[in-house]
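Visitor: got a predicted structure here, sequence first:
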Amino acid sequence: MRRRTGVAVAGTVILAWGEWLNRRWSRTLVGDNEGATEAVVVLGYRNPQATANLINRWRVRAGVRSLTEDGGHDTRLIFSGGTTTIGGVSEARLMADYARSALEFTGTLLLEEESTTTWENVTNVIPLLEDADRIKIVSQPAHALKAREYLRRQRPDLAKRLVRADDYRPGEWLIVKPLLALYGLWRLRRLRAEERRTTRG
């Protein structure tokens, strides 16, 4: 009985840690900038098949739900990601197709189809969002944080317009969040401590 209880407690602690860390990352390097125009950037994940894979489908859904649809904002959804196979369709186009067909998204949609790394994602979407008052970057929280940091390095003026996306929700991906947290810690190991400040909220 004690062993079972110990395992249950340990499991609960691990799940809570993964939840907390992903929540924290989703609130890092963002502000509360206001404005009428909004750009939501969805980063692609390697996708060798002919349709959007599980991760890209989730990212599309998170991107669509991150749009501010109150009638007072001019919003655009930007999908970023190149091809992962010779002669294949770009990640951006696969995600766009999923948004249109499966989610019936009818809003403004832009594609960036050249990027093969996160740094390139950020570099190549800049011309598509320079005029936006509010910028949201959508991916798994650690990956989105990495992209926000890259935007700070490339265009500090635009990084000041970063606001929270809806790519973290309590309980979503609950079982794999500890693994995502470990992977995120590995990916973010080069970020300096002062760049991990978390906004309130």
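Guide: Okay, I see it.
Visitor: CA only for contacts and neighbour counts going forward, please
Guide: OK.
Visitor: packing partners of the strand or helix carrying Arg100?
Guide: Using DSSP states H and E, Arg100 sits within helix 91-101. Applying 3 or more C-alpha pairs under 8 Å, 6 or more residues apart in numbering; DSSP states H and E, we find helix 91-101 packed against helix 54-66, strand 74-80, strand 108-112.
Visitor: relative to Val138, which of those is closest?
Guide: Closest approach to Val138 among these (C-alpha to C-alpha): helix 54-66, 5.9 Å.
Visitor: what residues does that closest one touch?
Guide: The contact list for helix 54-66 (C-alpha atoms under 8 Å, 6 or more residues apart in numbering) reads 40-45, 47, 77, 95, 98-99, 103, 105, 136, 138-140, 165-167.
Visitor: buried subset of those residues?
Guide: Among the contacts of helix 54-66, those that count as buried by neighbour count (16 or more other C-alpha atoms under 10 Å) are 40-45, 47, 77, 95, 98-99, 136, 138-140, 165-167.
Visitor: how far out from the middle of the chain is stretch 87-105?
Guide: 16 Å (C-alpha atoms, centre = their mean, to the nearest Å).
Visitor: how about stretch 52-59?
Guide: 12 Å.
Visitor: just want the angle from the helix holding Arg100 to strand 108-112.
Guide: 160 degrees (axes from the mean of the first three to the mean of the last three C-alpha atoms, to 10 degrees).
Visitor: circling back: now, the buried ones among the contacts of helix 54-66 that are in strands?
Guide: 40-43, 77, 136, 138 (DSSP state E).
Visitor: can you lay out those as TSV showing distance to Val60 and pLDDT?
Guide: Below are these laid out as TSV (distance: C-alpha to C-alpha, whole Å; pLDDT from 0 to 100):
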residue	distance to Val60	pLDDT
Val40	10	98
Val41	10	98
Val42	7	98
Leu43	9	98
Leu77	10	98
Lys136	13	98
Val138	9	98
